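>>> I'd like to go over a predicted model; first the sequence, then the structure.
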Amino acid sequence: MATLTDRTFRDLADLMHSLVGLSFADSKKHLVSSRLSLRIQKLGLDGFEDYLALISDEQNSSEFQVAVDLLTTNETYFFREPAHYSLLEAELGRGPQRPLALWSAASSFGDEAYSTAMLLSDMQQRGRIGNDWSILGTDISDRVLQAASNAVYPDERLRDVSPERLKRYCLRGEGESEGLVQMNPHLRKRVRFGWLNLCQPFEELGPFDAIFLRNVLIYFDPPTKSEVVDRVLTKLRPGGLFFLGTAEGRVPCKMPLKTLAPGAFRKLDSTGT
Ligand SMILES: C[S@@+](CC[C@H](N)C(=O)[O-])C[C@H]1O[C@@H](n2cnc3c(N)ncnc32)[C@H](O)[C@@H]1O
């Protein structure tokens, strides 16, 4: 079994930090080693040094993505942190109707984006919002984005979806697909997915009326967290809603925010209202 030396661990950690913002303190050496060693074995490489060379090679960006996937978690499920969806519903239902654009900024498999689509579709049917709305999901992992576009989920991940919504928005698999559900075409055409690295500048996006940036900042060090939050907030309209994972607290940022609830904020305009 290959050994991860301190030197190679640091080089790996520096690479991950410079390209995708992931931050690994020395205490994470064991975790990094155990998450990558099976992959190294599977590829028939001699050790971590060879693996580092492989993922540093820009021609081999797909293996770099595999490494990012192994070092992060894609855990997500429908209607995670339900209070955020209740708040979104209350806030979007206020005021005059206008086109709405929402962004799930570390979407993983798309559970957050489709949960939001179910909510907005319900609101549209009740006449609380207009019919011009859309949701963008982005992530750094091609693997999760491919799954998000297919929109097929183990039904266990939809445990917090009400029976009415399951009936309205999901197609149940039969036979070999027993235990799987797929989002229906009506919902899927409202949601699109694309690749985006939150730690690099991005331009052609937004503006959005609400942004979810939940459960991704945990991977970043404090300066990167603030940088990412400020970059993401440039894409939120003044008055728009911003959601972080409730466990992530409030991240220091330049943009003025008003706290509405744990992990939920409103972006203030230049007059502070
Ligand atoms: C735990 S999931 C969060 C999913 C969803 N937002 C939620 O709260 O349920 C974290 C996601 O962040 C993505 N991620 C990690 N670093 C990223 C980066 N630099 N840019 C964009 N996405 C990133 C991972 O690929 C993963 O899918």
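Nice, thanks for sending it over.
>>> so what's residue 244 up against?
213-214, 217, 250-251, 263, 265 (C-beta atoms under 8 Å, 6 or more residues apart in numbering). To be clear about C-beta, it is placed using only N, CA and C from the backbone, and glycine gets the same treatment.
>>> what residues does the protein put near the ligand?
With C-beta under 6 Å from any ligand atom as the criterion, the chain meets the ligand at residues 20-21, 72-76, 80, 106, 108, 112, 139-141, 144, 196-199, 214-216, 219, 245.
>>> For the strand or helix carrying residue 85, the averaged confidence score.
Using DSSP states H and E, residue 85 maps to helix 82-92. Averaging pLDDT along helix 82-92 gives 97.
>>> Please apply the same query to stretch 255-264.
On average, stretch 255-264 scores 94.
>>> do the same with stretch 153-170
Stretch 153-170 comes out at a mean pLDDT of 96.
>>> Check stretch 212-231 too.
Mean predicted lDDT for stretch 212-231 stands at 95.
>>> for the lowest-mean-pLDDT helix or strand in the chain, which positions count as buried?
When the helices and strands of the chain are scored by mean pLDDT, DSSP states H and E, helix 61-71 comes last with a mean of 91. For helix 61-71, a neighbour-count test (16 or more other C-beta atoms under 10 Å) marks 63-69, 71 as buried.
>>> elements contacting that helix?
With contacts taken as 3 or more C-beta pairs under 8 Å, 6 or more residues apart in numbering; DSSP states H and E, helix 61-71 sits against helix 6-20, helix 29-42, helix 48-56, helix 142-150.
>>> the inter-axis angle of it versus helix 6-20?
110 degrees (axes from the mean of the first three to the mean of the last three C-alpha atoms, to 10 degrees).
>>> could I get helix 61-71 in PDB with only the CA atoms?
Listed next in PDB are the C-alpha coordinates belonging to helix 61-71 (Å, rounded to 0.1, in the frame of the first residue of the first chain):
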ATOM      1  CA  SER A  61      -8.600  17.100 -16.400                       C
ATOM      2  CA  SER A  62     -11.100  14.300 -16.100                       C
ATOM      3  CA  GLU A  63      -8.800  12.600 -13.500                       C
ATOM      4  CA  PHE A  64      -8.600  15.900 -11.600                       C
ATOM      5  CA  GLN A  65     -12.300  15.900 -11.400                       C
ATOM      6  CA  VAL A  66     -12.300  12.300 -10.100                       C
ATOM      7  CA  ALA A  67      -9.900  13.400  -7.400                       C
ATOM      8  CA  VAL A  68     -12.200  16.400  -6.400                       C
ATOM      9  CA  ASP A  69     -15.100  14.000  -6.300                       C
ATOM     10  CA  LEU A  70     -13.300  11.700  -4.000                       C
ATOM     11  CA  LEU A  71     -12.200  14.500  -1.700                       C
END
